[in-house]
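# Dropping a prediction and its sequence here:
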Amino acid sequence: MYRSHNCGELNLSDINKEVTLSGWVAKVRDKGFVIWADLRDRYGITQLIFDEERTPKEIMETAKGLGREFVVQITGTVIERTSKNPNIPTGEIEVLVTAIKILNQSLVPPFTIEDQTDGGEDIRMKYRYLDIRRNPVKENLIFRHKVAIEVRKYLSDEGFIEVETPYLIKSTPEGARDFVVPSRMNEGQFYALPQSPQTFKQLLMVGGMDKYFQIVKCFRDEDLRADRQPEFTQIDCEMAFVEQEDILNVFEGLTRHLLQEIKGVTVDSFPRMTYDDAMKKYGNDKPDIRFGMEFGELNAVAQHKEFGVFNDAELVVGIAVPGAATYTRKEIDALIDWVRRPQIGAKGMVYVKYNADGSLKSSVDKFYDSNDLAEWAKITGAKPGDLICVLSGDANKTRTQLSALRMELATRLGLRKNNEFAPLWVIDFPLLELDEETGHYHAMHHPFTSPKPGQLELLDTDPGAVKANAYDLVLNGNEIGGGSIRIHDTDMQATMFKHLGFSPEEAKAQFGFLMEAFKYGAPPHGGLAFGLDRLVAILGGQETIRDFIAFPKNNSGRDVMIDAPSPIDEEQLKELKLNISL
Ligand code: ASP
């Protein structure tokens, strides 16, 4: 028996008990005649005491040789501490050691294994197994486990069945590059790792599973923008005989359940906003609605005056920044510089100070009088004390720029509180998206998404205007997940592939199996997937998904701990009939 108790559970009610504990030596304080050591395991820390008067000599000697992170087993008696530590559950007791066994020694760890460590990110990733011994990392992993368990409970209670789908598959287009795996038994051929189990879950619906879910790894070979991982986890779901409304209701239920169980938060309303409205009001298809600052479009009141910049613009749009009328010239100039940075790309910014006394002062006073500016205030919802920031230019670009400014200012003003949760559905996404570079349309969600009823004709005349039965769940300015009602008809799927630029042969080669399956009685179906990593990070009130992944990859897609990716040896290459030419 390695232990009778763990290191986090002994307290005053255990006084005089003889106990056996095992764990890691977190800290040793050697005062000569008395030695204290903190023994740590997943459950907590228990203080051990060795003293010259009560502890046998050879045990005293062993204690003196203890180093940080040694693994030890001790037996001893629980006694009351003289100086207590109210901050930990075991803080009122200590264990007077009567026997000790060193189970394993340890090198001196490269960083301190404490809540506040001296180790930088790189070194902690290299020795992630040591990092996991630290409370913040350990607690995040436990938190993730709790979320995953609640997801499984909820969906299982709703009648969903968890089914595993294969990892060695054929490409499923989700908008990224595939990771590929060479096949030894099929020379010159490759598997693709799933970007998601999309086609398989649809086939499970054809197979009559009715309600499917899976907590599953997905793989996408993308340039890693901030806080993305090449392999990540989805809560993947699909349902048969459903309309969009049925799906939204089930997953609104799941989200409410998680917020309630994990955060103790009851969500009052779960708004639904069309994609067009989200873009118009927030310049963003994943709006953070915890705070106002909605866009006010000013074309009608700001154009046809003498100000050429606005007259030439497709869109003039502003936001009211609460309480910011007191910004100094310097602060406003800094904001203007901020929107002009290449990452944002605005040409400039016009502002109006709506002073607390009700007066209006703008950077374009030459062209607009206070009646004009009062109109702007009305449209942007500005109140005395607010600052109105106005951008103009190409409609789409300007919306994106103003959205970035809105988020930045809200962050600076402390309006994005991480203990507030405001979920919403964004619905009616466009079916297709124009790729500016190639001039081709591609599926905004994926090629299996169905257009809204009655919009099929538009595909030929105005493809960009076709709306899809597609929806995203947004939480606090993050896309938590998305899905769609699928096409379940072979002909319709073939039409869709045609519009996406697949020749019939290409479509058959890549998705013949799916179109074939649709010929055998495919039920109407739809589904969605939530990103588990992001969901957990947001519920945990943190920003980075990496902190909730046991063994994450760095920004170049490397696992620096196991040193992957890495070359393979000649023999393997030969077996695979692969030649590397760099
Ligand atoms: N497969 C989709 C995705 O990974 C989700 C879905 O449509 O269900 O985004």
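That came in fine, so what should we check first? In this text the structure is predicted, and so the values were computed from the model without any measurement.
# Check the secondary structure at the residue in the stretch 101-250 of the chain that the ligand sits nearest to for me.
The ligand sits closest to S196 of the stretch 101-250 of the chain, with a gap of 3.4 Å, by CB to the nearest ligand atom. Every residue, glycine included, has its C-beta placed from N, CA and C. Of the three states, S196 takes coil according to DSSP: H, G, I helix; E, B strand; the rest coil.
# per-residue confidence at it?
For S196, the pLDDT comes out at 96.
# Report the separation between the residue nearest to L259 when sequence neighbours are not counted and N16.
The shortest distance from L259 to any non-neighbouring residue, by CB to CB, 6 or more residues apart in numbering, is to V265 (4.5 Å). Distance from V265 to N16, counting by CB to CB, to the nearest Å: 44 Å.
# what does R177 give?
Taking CB to CB, one finds R177 at 65 Å from N16.
# Is stretch 472-491 positioned near the ligand?
Yes: Stretch 472-491 lies within reach of the ligand by CB under 6 Å from any ligand atom, at 482-484.
# still on that earlier bit, pick out whichever of V265 and N16 has more residues nearby.
Each of V265 and N16 has its neighbours counted (other CB atoms under 10 Å); V265 has more, 14 against 8.
# correct me, but the more buried one touches F421?
Yes: using CB atoms under 8 Å, V265 is in contact with F421, at 5.4 Å.
# Identify the contacts common to these two.
L259 (CB atoms under 8 Å, 6 or more residues apart in numbering).
# Can you tell me which residues in the stretch 151-300 of the chain are near the ligand?
Residues of the stretch 151-300 of the chain lying near the ligand (CB under 6 Å from any ligand atom): 174, 196, 198.
# so which of these is the most crowded?
Using other CB under 10 Å as the neighbour criterion, Q198 leads these with 25 neighbours.
# mind checking how far it is from G526?
12 Å.
# and what of K508?
Plainly put, K508 is 24 Å away from G526 if you go by CB to CB.
# just to revisit the earlier point, mark which of the residues of stretch 472-491 next to the ligand are buried, thanks.
With burial judged by 16 or more other CB atoms under 10 Å, the buried subset of those is 482-484.
# of all these, which comes closest to the ligand?
Among those, and counting by CB to the nearest ligand atom, the member closest to the ligand is G483, at 3.7 Å.
# tell me which residues of the lowest-mean-pLDDT helix or strand in the chain are tucked away?
Of all helical and strand segments in the chain, the minimum by mean pLDDT, DSSP states H and E falls on helix 458-461, at a mean of 87. Applying a neighbour-count criterion of 16+ other CB under 10 Å, the buried positions in helix 458-461 are 458-459.
# Quick check: residues of the protein near the ligand?
Residues of the chain lying close to the ligand (CB under 6 Å from any ligand atom) are 174, 196, 198, 482-484, 527-529.
# Tabulate these (CSV), appending secondary structure.
As requested, the residues of the chain next to the ligand are exported to CSV (three-state DSSP):
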residue, secondary structure
E174, coil
S196, coil
Q198, helix
G482, strand
G483, strand
S484, strand
G527, strand
L528, strand
A529, strand
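# which non-adjacent residue is nearest K211?
F160 is the one closest to K211 (CB to CB, 6+ apart), at 4.3 Å.
# Now do that neighbour: how many residues are near it, please.
22.
# just the strands in the stretch 301-450 of the chain please.
For the stretch 301-450 of the chain, the strands defined by DSSP state E, counting those that start in this stretch cover 315-321, 350-354, 360-362, 387-393, 423-427, 432-434, 441-443.
# try the stretch 1-150 of the chain
18-30, 34-41, 44-51, 71-80, 93-104.
# Just put the ones you listed in CSV and tack on mean neighbour count and mean pLDDT.
Conversion of these to CSV gives the following (neighbours: other CB atoms under 10 Å; pLDDT from 0 to 100):
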stretch, mean neighbour count, mean pLDDT
strand 18-30, 18, 97
strand 34-41, 21, 98
strand 44-51, 22, 98
strand 71-80, 18, 98
strand 93-104, 18, 98
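# Adding distance to E58, write these out as CSV.
As requested, these are exported to CSV (distance: least, CB to CB, whole Å):
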stretch, distance to E58
strand 18-30, 16
strand 34-41, 14
strand 44-51, 11
strand 71-80, 14
strand 93-104, 9
